[in-house]
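Trainee: Would you be able to build a 3D model of this:
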Amino acid sequence: MAKFAIGDRVNKATDDHEDGVVVAVFSTDDGKFRYAVDMEGYGALQFLAEEKLVVHPCQSATPRVA
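Mentor: Prediction:
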């Protein structure tokens, strides 16, 4: 099961901890997940592995509905 869902706010775990919104979730052939994230201020999608993302601070207090 994917750690994040479409619409979740996330931060990059590396670099400047930039934030964005998950717009698509993809499963890889080896069973891992990658995410298309609309990063704030870029105007383009970034495709990131699950281990490169963390929950955005304002998202962690909000319960997630499946």
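
Trainee: Just give me the longest strand of the chain.
Mentor: Across the chain, the strand with the greatest residue count (assigned by DSSP state E) is strand 19-27.

Trainee: Just the CA atoms of the helix or strand following it, as PDB, please.
Mentor: Following strand 19-27 in sequence order, the next helix or strand is strand 33-39 (DSSP states H and E). The C-alpha trace of strand 33-39 is given here as PDB (Å, rounded to 0.1, in the frame of the first residue of the first chain):
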ATOM      1  CA  PHE A  33       5.900   3.400  -5.300                       C
ATOM      2  CA  ARG A  34       6.800   6.600  -7.100                       C
ATOM      3  CA  TYR A  35       4.900   9.900  -6.900                       C
ATOM      4  CA  ALA A  36       4.300  12.700  -9.300                       C
ATOM      5  CA  VAL A  37       4.400  15.800  -7.100                       C
ATOM      6  CA  ASP A  38       3.400  19.400  -8.100                       C
ATOM      7  CA  MET A  39       6.200  21.200  -6.300                       C
END
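
Trainee: Can you check what angle separates strand 33-39 from strand 19-27?
Mentor: 150 degrees (axes from the mean of the first three to the mean of the last three CA atoms, to 10 degrees).

Trainee: quick one: strands adjacent to strand 33-39?
Mentor: Using DSSP bridges, strand 33-39 pairs in its sheet with strand 19-27 (antiparallel), strand 45-49 (antiparallel).

Trainee: Just the buried residues of the shortest one, please?
Mentor: Translated: strand 45-49. Leu48 (16 or more other CB atoms under 10 Å). Where C-beta positions appear, they are placed from N, C-alpha and C, glycine not excepted.

Trainee: same check, this time on the first one
Mentor: Neighbour counts using 16+ other CB under 10 Å place Asp19, Gly20, Val21, Val22, Val25 of strand 19-27 among the buried residues.

Trainee: Residues contacting it, please?
Mentor: For strand 19-27, the surrounding residues in contact (CB atoms under 8 Å, 6 or more residues apart in numbering) are 2, 4-12, 33-40, 45-46, 56.

Trainee: Mean pLDDT for the strands paired with strand 33-39 - can I get that in TSV?
Mentor: As requested, these are exported to TSV (pLDDT from 0 to 100):
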stretch	mean pLDDT
strand 19-27	94
strand 45-49	93
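
Trainee: This completes my enquiry, with thanks.
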